[in-house]
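[1] Here you go, sequence then predicted model.
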Amino acid sequence: MTDETAALGYRSHWKERETWKRGLFMLLFGLVFWIAEFLLVMAAVFQFGFVLFSGRTNERLLAFSDDLSYLFYQLVRYLTFKSDEKPFPLSDWPGAGPED
């Protein structure tokens, strides 16, 4: 392979539509990740407040937090190219994650 052939092969990746499309999705999912981080902090604060005042955890908030943790898992897998499956909001809400 000559230097010219290698350079042409390198440049052809810049023209691939799927690569640019994935880049746009990565920006979208980066925004989703940022929003999910905010929701995580809010869930932690509310759960702490709930425990502080009632002495027990909120089951609904625990279920939401579990779903949220699986959303993080899906987002990280997509953003790091480990998976091609698009996470929420372009697929269903994660629901039940993998078994602990």
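    Sure, I can see it.
[2] tell me the contacts of residue 38?
    Listed by CB atoms under 8 Å, 6 or more residues apart in numbering, residue 38 has no contact partners. In this view, the C-beta of every residue, glycine as well, is placed from N, C-alpha and C.
[3] Relative to residue 93, how far out is it?
    Shown here: residue 38 relative to residue 93, a distance of 17 Å by CB to CB, to the nearest Å.
[4] number of nearby residues for residue 28?
    14 (other CB atoms under 10 Å).
[5] Where does pLDDT dip in this protein?
    1-11, 96-100 (pLDDT under 70).
[6] so where do the helices sit in it?
    3-14, 17-54, 59-79 (DSSP state H).
[7] closest one to residue 89 among the ones you listed?
    The minimum distance between residue 89 and those falls on helix 17-54, with 6.7 Å, by CB to CB.
[8] The helices of the chain into a markdown table, with extra columns for distance to residue 87?
    As requested, the helices of the chain are exported to a markdown table (distance: least, CB to CB, whole Å):
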| stretch | distance to residue 87 |
| --- | --- |
| helix 3-14 | 25 |
| helix 17-54 | 6 |
| helix 59-79 | 4 |
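[9] among those, which is the most enclosed?
    Sort the helices of the chain by mean neighbour count, taking mean count of other CB atoms under 10 Å, and helix 59-79 sits at the top with a mean of 16.
[10] other SSEs contacting that one?
    Applying 3 or more CB pairs under 8 Å, 6 or more residues apart in numbering; DSSP states H and E, one finds that helix 59-79 contacts helix 17-54.
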